[in-house]
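Undergrad: Using only what follows, build the 3D model:
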Amino acid sequence: MTKLSPLIDPFNRKITYLRVSVTDRCDFRCVYCMSEKMQFLPKKDLLTLEELDKVCSVFIEMGIKKLRITGGEPLVRRNILSFFKNISRHLKKGSLEELTLTTNGSQLKKFAKPLVDLGIKRINISLDTLNPEKFKKITRWGRLEQVLEGIQEAKKSGLSIKINKVALKKTNQGELNDFVKWCGDEGFDLTFIEVMPMGDFGADDRLDQYWSLQDLRKDLEKIWTLNDISLTTGGPARYCEILETGQKVGFITPLTHNFCESCNRVRMTCTGQLFMCLGQEEDADLRSALRENINDDTLLRKRIMQAIDRKPKGHDFDYSRQKISGQMSRYMSHTGG
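TA: Down below sits the predicted model:
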């Protein structure tokens, strides 16, 4: 296998982290992620599992070291374990350092043990509340009991778990400290995420949801002792340690303090669109390059390099003066966060 040139963007940032959405479908309809009556893509538009494997493999050849699988909900994609089994060969060879996924937890009771057997060591689980009624309101369709059972199965299977919690003003604001305590008791790390202006939900709804993590951290510090630490996990979170529990807590702040200066990531959708920045609309079409000549990767590699050369310096989300600027028309589920 030919070693390809490393992926370096115009701002001398080395791209080592690829997020790949394997489906736009999900068994939830979270209010900040997708419409309740979501129109999903025709299956013919999605990359096949074999095509996903091929694109990911080329990226790994080009220097990608961390591969995160997302959705939608990745574990609802039919035969997804076959994809994980095939792509895990790069872990065994040492060319890929980490294969992981982000999930809503609903399918973990079935999939946790097989994922561990395929070399996955840690996962992120999206969970915004421990209140069953609030959970149903946020996810529209979800059952908290099912998710908690999946989380316990993942824990029992030996997966390291980090909980991703979107900060939603007025919705999960009141259970902040109970949630931190639960994660600490269970041995889970925790990352808070600011809600991002993606998708057409209506400006009023989005502004009502937005809770600055600067304010959230101040609320945490009324109860807990937070010490900043220099931990890096390949993603955008800035971490601290809670002295009382020993757990790591991260803050992903695309609005109040963006993380663009150290951005090492690109995102590919389930249709082969490569987004060089979560907060910009520009993309590159990898599907046509892939399908034009299935036996020759030359065009695919060229298009990837051209896309990296167009990676912007940063995004420009902003909530100001009671209006939203920098809003993306695509839904969060399109690129999997």
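
Undergrad: Please, where are all the strands along this structure?
TA: 17-21, 66-70, 98-103, 122-126, 160-167, 189-194, 226-228, 238-242, 248-252, 265-268, 273-275, 283-285, 318-320, 323-325 (DSSP state E).

Undergrad: Quick one: closest of those strands to Met305.
TA: Each of the strands of the chain was scored for nearness to Met305 using Cβ to Cβ, and the closest is strand 283-285 (10.0 Å). For every residue, glycine as well, the C-beta is placed using N, CA and C.

Undergrad: before we move on, the earlier item: identify whichever of the strands of the chain lies nearest to Phe83.
TA: Taking the strands of the chain one by one with Cβ to Cβ, strand 66-70 is closest: 7.9 Å.

Undergrad: how far out from the middle of the chain is that closest one?
TA: 8 Å (Cα atoms, centre = their mean, to the nearest Å).

Undergrad: same deal with stretch 111-126?
TA: On Cα atoms, centre = their mean, the centre of stretch 111-126 falls 15 Å from the chain's centre.

Undergrad: for Ser262, what are its contacts?
TA: Arg13, Pro236 (Cβ atoms under 8 Å, 6 or more residues apart in numbering).

Undergrad: any idea how far Gly94 is from the nearest residue to Gln107 once chain neighbours are set aside?
TA: Using Cβ to Cβ, 6 or more residues apart in numbering and skipping the chain neighbours, the partner closest in space to Gln107 is Leu75 (3.8 Å). According to Cβ to Cβ, to the nearest Å, Leu75 stands 26 Å off from Gly94.

Undergrad: returning to that earlier point: what's the local residue count around the residue nearest to Gln107?
TA: Leu75 has 26 neighbours, counted by other Cβ atoms under 10 Å.

Undergrad: And it, how far from Leu108?
TA: For Leu75 relative to Leu108 (Cβ to Cβ), the value is 8 Å.

Undergrad: ok, now Arg13?
TA: 33 Å.

Undergrad: same deal with Lys85?
TA: In terms of Cβ to Cβ, Lys85 sits 18 Å off from Leu108.

Undergrad: With distance to Lys181, mean neighbour count and mean pLDDT added, can I get the strands of the chain in JSON lines?
TA: JSON lines is the format used below for the strands of the chain (distance: least, Cβ to Cβ, whole Å; neighbours: other Cβ atoms under 10 Å; pLDDT from 0 to 100):
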{"stretch": "strand 17-21", "distance to Lys181": "30", "mean neighbour count": "25", "mean pLDDT": "97"}
{"stretch": "strand 66-70", "distance to Lys181": "28", "mean neighbour count": "23", "mean pLDDT": "97"}
{"stretch": "strand 98-103", "distance to Lys181": "23", "mean neighbour count": "22", "mean pLDDT": "97"}
{"stretch": "strand 122-126", "distance to Lys181": "17", "mean neighbour count": "21", "mean pLDDT": "97"}
{"stretch": "strand 160-167", "distance to Lys181": "12", "mean neighbour count": "21", "mean pLDDT": "96"}
{"stretch": "strand 189-194", "distance to Lys181": "11", "mean neighbour count": "22", "mean pLDDT": "94"}
{"stretch": "strand 226-228", "distance to Lys181": "14", "mean neighbour count": "12", "mean pLDDT": "96"}
{"stretch": "strand 238-242", "distance to Lys181": "10", "mean neighbour count": "19", "mean pLDDT": "94"}
{"stretch": "strand 248-252", "distance to Lys181": "12", "mean neighbour count": "22", "mean pLDDT": "94"}
{"stretch": "strand 265-268", "distance to Lys181": "31", "mean neighbour count": "24", "mean pLDDT": "94"}
{"stretch": "strand 273-275", "distance to Lys181": "36", "mean neighbour count": "22", "mean pLDDT": "96"}
{"stretch": "strand 283-285", "distance to Lys181": "41", "mean neighbour count": "18", "mean pLDDT": "95"}
{"stretch": "strand 318-320", "distance to Lys181": "29", "mean neighbour count": "15", "mean pLDDT": "47"}
{"stretch": "strand 323-325", "distance to Lys181": "33", "mean neighbour count": "13", "mean pLDDT": "46"}
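
Undergrad: Let me have those strands in JSON lines, extended by distance to Tyr32.
TA: Formatted as JSON lines, the strands of the chain follow (distance: least, Cβ to Cβ, whole Å):
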{"stretch": "strand 17-21", "distance to Tyr32": "17"}
{"stretch": "strand 66-70", "distance to Tyr32": "15"}
{"stretch": "strand 98-103", "distance to Tyr32": "15"}
{"stretch": "strand 122-126", "distance to Tyr32": "10"}
{"stretch": "strand 160-167", "distance to Tyr32": "6"}
{"stretch": "strand 189-194", "distance to Tyr32": "9"}
{"stretch": "strand 226-228", "distance to Tyr32": "25"}
{"stretch": "strand 238-242", "distance to Tyr32": "21"}
{"stretch": "strand 248-252", "distance to Tyr32": "13"}
{"stretch": "strand 265-268", "distance to Tyr32": "17"}
{"stretch": "strand 273-275", "distance to Tyr32": "18"}
{"stretch": "strand 283-285", "distance to Tyr32": "22"}
{"stretch": "strand 318-320", "distance to Tyr32": "14"}
{"stretch": "strand 323-325", "distance to Tyr32": "13"}
